[in-house]
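A.B. asks: my questions are about this predicted structure, shown below with the sequence.
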Amino acid sequence: QQQQQQQQVAAAAVTTKKKKNKTTVLQTFRVQLQDLMNKLAPTHTRYIRCIKPNQEMLPKKTEHHTTMRQLECAGLVTAVTISRETYPNKLDYGTCQYRFECLLLCGRQRRRNVSAIVVQTYQALATKQQTMQETYSDFGDDEYKNARKEAVRFLLSNLIPTDIVRRNSISAVHHKPKHRKKKDPFACGNTKVYFRAGVLEYLENERLEYYTERVIQIQSWFRCLSTTAWYQQYTTLVVRVQSYARRQLGVARRRRWKLMAYRVYGAIRIYQARRHVQTLREERAAARLQSCFRRYRCQRRYETIPVAVRTLQRAYRQYRYRQLQQEQLQRTVEEARMDEKLLSLHAQVNKSILNMNNNNNNN
């Protein structure tokens, strides 16, 4: 369209040039203004209106009368009033249904309850819409849009109270006409839902409260689980500490009983040792008596034995002496006999020597 307008303006300028062969100031201004609008259109320029908070221009000081007068003179109050009397907010059907159907299905609105019949009706409409969406080629675009529009209209009509527009309208506060028309809080278009001022904020607040309740519930569950886990862990630690303390007490008690048992065993052993020592002493005394008696008996026996031994030694010595005397006598006799034989032999040898000498002399 802008290009067509430019072409029209250029064509008009050419025709005027042809007719008059000169450009007027109005034509030049129109062309320049159109060029400026064409340059500003793609930039999405926003205009900022500066408001003086006070006449002295002091920081952190606001004069409400002066500020309100500037807003009224700038036409902002009238613009806001007009925008609130119309439909300033809008959402497409899919986003609206996705964001606000949880309020109807769960039936957890704070200001009014939702009956089960309404929930069942909306579920039937949503099922019909989903079926049409799955079989989009069979039903066509118009039937699917009508089903979605019907489901969203039913959803919003049961969620939005009827007096919300009157409560949020500025004209209802400043102006009180005698015959006031009933204004619908929303309007359904072809692709989007248009909300009056304050209606979308109301739904968003309800949705925020709904999710806040769910978040609080999840937090309570999580805290319950974490507290339960902490309690179980704490119980486990307490049981471990108790078991350790009981074990230490048992060990100490066992040590005390062990010391007592050792003392009793020591006393019993001392008593047994004393009895044993006493018996040993008695046995030692008996052994001493026995040893003394045995020594006395041995001494008596020893006193009798040496006499017999000496007697036997004397007899044996006499016997041996006699044998030695006899052997010596026999040796002396034999020696005497040998001497006699030697003498006789010597005499014979002398005689033979003499005979041999005589014979030699004779020869």
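C.D. replies: It's in. Since the model is a prediction, treat every value here as computed from it, not as a measurement.
A.B. asks: report all helices and strands that the helix or strand hosting Leu237 contacts.
C.D. replies: In this structure, Leu237 is located in helix 199-362 according to DSSP states H and E. With contacts defined as 3 or more Cβ pairs under 8 Å, 6 or more residues apart in numbering; DSSP states H and E, the packing partners of helix 199-362 are strand 89-92, helix 93-106, helix 164-168. (Glycine included, C-beta is placed from N, CA and C.)
A.B. asks: tell me the buried residues in the shortest one?
C.D. replies: By neighbour count on 16 or more other Cβ atoms under 10 Å, the buried set for strand 89-92 is 89-91.
A.B. asks: between those, which is nearest Tyr202?
C.D. replies: The closest of those to Tyr202 turns out to be Asn89 (Cβ to Cβ; 10.7 Å).
A.B. asks: if I pick the closest one, what's in contact with it?
C.D. replies: Neighbour list for Asn89: 194-197, 199-200 [criterion: Cβ atoms under 8 Å, 6 or more residues apart in numbering].
A.B. asks: for those residues, give me a markdown table that also has distance to Thr45.
C.D. replies: Listed next are the contacts of Asn89 as a markdown table, based on distance: Cβ to Cβ, whole Å:
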| residue | distance to Thr45 |
| --- | --- |
| Tyr194 | 26 |
| Phe195 | 27 |
| Arg196 | 28 |
| Ala197 | 25 |
| Val199 | 30 |
| Leu200 | 26 |
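A.B. asks: list only buried entries from these.
C.D. replies: Using 16+ other Cβ under 10 Å as the burial test, the contacts of Asn89 include 194-197, 199-200 as buried.
A.B. asks: of all these, which two lie farthest apart?
C.D. replies: Maximum pairwise distance in the buried ones among the contacts of Asn89, criterion Cβ to Cβ, is 11.1 Å, between Tyr194 and Ala197.
A.B. asks: what's the weakest-modelled helix or strand in this structure?
C.D. replies: helix 171-174 (a mean of 43; mean pLDDT, DSSP states H and E).
A.B. asks: quick check: next helix or strand after that one?
C.D. replies: Going down the chain from helix 171-174, the next helix or strand is strand 186-188, by DSSP H and E.
A.B. asks: rounded mean pLDDT for the helix or strand that comes right after that next one, please.
C.D. replies: Downstream of strand 186-188, the next assigned helix or strand under DSSP H and E is strand 192-195. The average pLDDT within strand 192-195 is 82.
A.B. asks: with stretch 301-317 instead?
C.D. replies: pLDDT averaged over stretch 301-317 gives 83.
A.B. asks: identify the residues contacting that stretch?
C.D. replies: Stretch 301-317 has contacts (Cβ under 8 Å, 6+ apart) with no other residue.
A.B. asks: how far does that stretch sit from its chain's centre?
C.D. replies: Centre-to-centre, stretch 301-317 and its host chain are 106 Å apart (Cα atoms, centre = their mean, to the nearest Å).
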